[in-house]
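K.L.:
heads up, no residue letters with this:
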């Protein structure tokens, strides 16, 4: 149904007049020009399109726009606008990416994990990240980065 | 030569003020790839011709660098940053040889208008060929600058020292001038060929770990991939695709799609496209197109593939120098085994994507490609435009692995055609289903090996017939009677490799042919060692004198803590070796096999590599880790499912990629090398993975796996036989 959907996007008010059943991924990328969120599969199986709604990591490729009405949406563009977020800094410090295409989804998923579970165990990190695919094979570094961002780099493990 | 000089001058005119140094990597432009394999049959007859940027510049150089009046140094190279760290590596080389700050070096890559011709980014040639020539050019540029400084300061060159781009007279500190001042407002054309490069001990950046040049944009979501160019008025195109390879369109009805507000339908030759300013709306409208296709001729499926390939291959094409019959007479045991592999997808997370724009008769295409110049050739051919009217830009690519080497580049040509036909920018972003359908798979393989071992544990003969991937390029065991035959290859029907044995399009997959050969070879070696009752590491060392391979194998064993034992020991230890493009790898693994479910858990992997001169150790480690992790997929789960021309694998839910819960502890050992050249590690550590995991599974469980992927069902079946 075509209507205006209003929500907060990266800390600012946003509203889009469109079919409210369209998926958030395409509204972000095409209608709003925020291309940091990536398409990888369209079926919630790769995690490249992960954004945070409220405090929850969601797959924007399978999240209808109407589901975010009135909510707070955070994309990679909204993270670390003034200073890098700890997760971003840790990805930087650990070279926790290669081609970088899955990276925004990885960072947003890790961000949501740490919001919910500030001191995750290694097993919790693996479990939370398991639905995010990386083809280059940066996994070991991504795990190390998230552990460090959680302050568990040395104490934990 | 006058012609070449003129064209270089043209280019310098374009490049603007500053010192411009060209450098030559003839092998990259025209020559064969390492290992004697042809460079790739990447379509495009214009390779090596036509120059770059429409300037018609010569093809005798592959990159150049410019020192601007602002003191910043820019390197230009036609290769592409795929995540392998190319721009970091090249910037480090430039900084060190030129004596400028690493932070002051920028790289421009993958742009056919700004960069000189390059064949494509594959085969570790960015490391093995481009980096050394960039190094020589930077050294030459430094020599030219010192000459200029000497003239300006009236000091002999021998007295001059450079730090962070500032030249100072060591005898008179007041005499100092920055590179930027030397080149200010001028176009300088000088050469000092044959300038020596630095001794590696004097490097400041190379051999250390400079921050990746692509890091800041990637962690901020600002790196722009081909689909991230959102142009004013741009339409997203979704194209009608056949249900199976070879199925021809019989009839099409687009009337329902045309009723969707804002939709444009374009039918032009073989294209039926639905376009809309929103990609998801275009996709929905495409679903309303009714089309009938002819049924293509029947073809093999997964189950009948091996028989199909054996029949297509025919008898072995050559006999080797060895006397197989003599080898058999020396053998205490003879082994006859067939090793099988499946078609495997590249499955980069970024699907093939192109954004095309036509302005004043010039087509610009942002494409997710490893080979922008090859794509340019495809587009200029397809649109009947001269090459200078086509610009292809490939700045960041979301994974390639050989799958974006783009022999066909259909998606990019489609975007360019549609942009031309509609008069508005057009983006084509492949769906995951299209990505699987159009991929040039890692070749399936049927690899027959007969071999024999003497009572003293020496390999007496080796008779291999490799069907599918391409034959052994660098067999490193000492075998007196050796015969290596092959049929077909990773280039498929595109030249070379003998008969066409593949019913599918195939291509290089994080290195061509080598990992398949390594699966067969290293498994066969393990079978022999087990039968002979000899520890598999010891057996290998008994049968190889190659010093570089021995060194990496011994280094891996030390790091792993390998203890001698006869397989199957129950420990789940595996070992396998491989060579890629003059790089050497020995991998070791520890796995656990759940005998009830057939599931494998890879607990740890050590990969010891000899990659020659180590430019960026941390970058090398990343590549090796990536190889190990990606390699788990073709070992354990990945296989394209097909029935004739129908590709049944449609999304990542049907095709399991390695994920976080699979990842073992990975130790990378960078072994000091006797080789002074730069080799690269993008494809090396993945080479032994098939044999490695198969051998570890055998050691854990006694199940000898003869087919990849080693799925739980296959492992259970093998356990039942064991």
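P.N.:
It's in. Since the model is a prediction, treat every value here as computed from it, not as a measurement.
K.L.:
Could you report the neighbour count for residue B:544?
P.N.:
By other Cβ atoms under 10 Å in any protein chain shown, the residues close to residue B:544 number 18. For glycine as for every other residue, the C-beta is placed from the backbone atoms N, C-alpha and C.
K.L.:
likewise residue B:321?
P.N.:
With other Cβ under 10 Å as criterion, residue B:321 counts 8.
K.L.:
What residues does it make contact with?
P.N.:
B:482, B:483 (Cβ atoms under 8 Å, 6 or more residues apart in numbering or on different chains).
K.L.:
Can you read off the pLDDT for it?
P.N.:
Residue B:321 carries a pLDDT value of 72.
K.L.:
Check the secondary structure at it for me.
P.N.:
Reduced to three states with DSSP: H, G, I helix; E, B strand; the rest coil, the structure at residue B:321 is coil.
K.L.:
didn't residue B:461 look like it was pressed against residue B:481?
P.N.:
Yes - between residue B:461 and residue B:481 there is a contact under Cβ atoms under 8 Å: 3.8 Å.
K.L.:
what is in contact with those two at once?
P.N.:
With Cβ under 8 Å, 6+ apart, residue B:461 and residue B:481 have common neighbours B:322, B:323, B:324, B:326, B:327.
K.L.:
Which among those count as buried?
P.N.:
B:322, B:323, B:324, B:327 (16 or more other Cβ atoms under 10 Å in any protein chain shown).
K.L.:
which one of those is nearest chain A?
P.N.:
For these, the residue nearest chain A by Cβ to the nearest Cβ is residue B:322; the value is 38.1 Å.
K.L.:
Show me where chain A dips below the pLDDT cut-off.
P.N.:
Regions of chain A meeting the criterion pLDDT under 70 cover residues A:152-157.
K.L.:
residue ranges for the strands of it, please.
P.N.:
A:2-9, A:12-19, A:50-53, A:56-59, A:72-74 (DSSP state E).
K.L.:
highest average neighbour count across these?
P.N.:
strand A:50-53 (a mean of 25; mean count of other Cβ atoms under 10 Å in any protein chain shown).
K.L.:
Mind listing residues that contact it?
P.N.:
So strand A:50-53 is contacted by A:24, A:28, A:37, A:57-60, A:63, A:67-68, A:71-76, A:104-106, A:108-109, A:111-112, A:115, A:132 (Cβ under 8 Å, 6+ apart).
K.L.:
From those, list just the buried residues.
P.N.:
A:24, A:28, A:37, A:57-60, A:63, A:67-68, A:73-76, A:104-106, A:108-109, A:111-112, A:132.
K.L.:
Counting by contacts, list what the longest helix seen in chain A packs against.
P.N.:
Determined from DSSP state H, the single longest helix within chain A is helix A:103-116. Here helix A:103-116 touches strand A:50-53, strand A:56-59, helix A:86-93, helix A:122-129, helix A:139-149, helix B:215-219, going by 3 or more Cβ pairs under 8 Å, 6 or more residues apart in numbering or on different chains; DSSP states H and E.
K.L.:
Tell me which of those sits nearest to residue B:709.
P.N.:
helix A:139-149 (18.6 Å; Cβ to Cβ).
K.L.:
wait, does the closest one contact chain B?
P.N.:
Yes - legend: contact between helix A:139-149 and chain B by Cβ under 8 Å from any Cβ of the partner chain is shown at A:139, A:140, A:141, A:142, A:143.
K.L.:
what's the closest of the helices and strands packed on helix A:103-116 to residue B:101?
P.N.:
Among the helices and strands packed on helix A:103-116, helix B:215-219 comes nearest to residue B:101, with 16.6 Å by Cβ to Cβ.
K.L.:
Can you name the next helix or strand after that closest one?
P.N.:
strand B:235-239 (DSSP states H and E).
K.L.:
Report the buried residues of that next one.
P.N.:
Per 16+ other Cβ under 10 Å, strand B:235-239 contains these buried residues: B:235, B:236, B:237, B:238, B:239.
K.L.:
now the helices and strands packed on helix A:103-116 in CSV, with distance to residue B:448?
P.N.:
Listed next are the helices and strands packed on helix A:103-116 as CSV, based on distance: least, Cβ to Cβ, whole Å:
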stretch, distance to residue B:448
strand A:50-53, 46
strand A:56-59, 45
helix A:86-93, 46
helix A:122-129, 40
helix A:139-149, 35
helix B:215-219, 45
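K.L.:
Mind checking those for the one nearest to residue B:570?
P.N.:
It's helix A:122-129; of the helices and strands packed on helix A:103-116, that one is closest to residue B:570 (Cβ to Cβ) at 26.3 Å.
K.L.:
can you give me how far that closest one is from the chain middle?
P.N.:
Distance of helix A:122-129 from the chain centroid (Cα atoms, centre = their mean, to the nearest Å) equals 15 Å.
K.L.:
Ok, stretch B:196-210 next?
P.N.:
Worked out by Cα atoms, centre = their mean, stretch B:196-210 lies 26 Å from the chain centre.
K.L.:
hmm, who's touching it?
P.N.:
Contacts of stretch B:196-210 (Cβ under 8 Å, 6+ apart): B:88, B:91-93, B:95-97, B:102, B:135-136, B:139, B:613-619.
K.L.:
swap the cut-off to 7 Å and go again
P.N.:
Contacts to stretch B:196-210, defined as Cβ atoms under 7 Å, 6 or more residues apart in numbering or on different chains, come from residues B:88, B:92-93, B:95-97, B:102, B:135-136, B:139, B:613-618.
K.L.:
Kindly report the same for stretch B:168-183.
P.N.:
Outside stretch B:168-183, the residues that reach it (Cβ under 7 Å, 6+ apart) are B:18-19, B:67, B:69-71, B:100, B:145, B:148-149, B:152-153, B:155, B:159-161, B:165-167.
K.L.:
Could you list the domains of the chain?
P.N.:
The chain I'm using is chain A. By the assignment in automatic domain parsing, chain A contains the domains A:2-78, A:86-149.
K.L.:
please go with chain B instead
P.N.:
B:2-213, B:226-294+B:352-429, B:305-343+B:441-721.
K.L.:
Residue A:7 is nearest to which of the ones you listed?
P.N.:
domain B:226-294+B:352-429 (18.0 Å).
K.L.:
Pull up the distance across the closest one, start to finish.
P.N.:
9 Å (Cα to Cα, to the nearest Å).
K.L.:
quick one: is it near chain A?
P.N.:
Yes - using Cβ under 7 Å from any Cβ of the partner chain, a contact is recorded between domain B:226-294+B:352-429 and chain A, made by B:228, B:230, B:278, B:279, B:280, B:396, B:397, B:398, B:399, B:429.
K.L.:
so who does the second one touch?
P.N.:
Read it as residue B:230. Applying Cβ under 7 Å, 6+ apart, the residues near residue B:230 are A:33, A:35.
K.L.:
Quick one: residues contacting residue B:396.
P.N.:
Contacts of residue B:396 by Cβ under 7 Å, 6+ apart are A:100, B:81, B:223, B:224, B:225.
K.L.:
biggest separation within those, which pair?
P.N.:
Most distant of the contacts of residue B:396, by Cβ to Cβ, are B:81 and B:224, 11.7 Å apart.
K.L.:
between those two, which one's more packed in?
P.N.:
Taking neighbours as other Cβ under 10 Å, residue B:81 and residue B:224 compare with residue B:81 leading, 28 against 17.
K.L.:
Verify the contact between that one and residue B:212 for me.
P.N.:
No - taking contacts as Cβ atoms under 7 Å, residue B:81 lies outside contact range of residue B:212: 9.8 Å.
K.L.:
So residue B:595 sits against residue B:700, correct?
P.N.:
No - with contact defined as Cβ under 7 Å, residue B:595 does not count as touching residue B:700 (9.0 Å).
K.L.:
Work out for me the element the residue of the stretch 1-150 of chain B at minimum distance from chain A sits within.
P.N.:
The minimum distance from the stretch 1-150 of chain B to chain A, using Cβ to the nearest Cβ, falls at residue B:83 (3.1 Å). Assigned by DSSP H and E, residue B:83 belongs to neither a helix nor a strand.
K.L.:
Need phi/psi at it.
P.N.:
phi 110, psi -10 (degrees, to the nearest 10).
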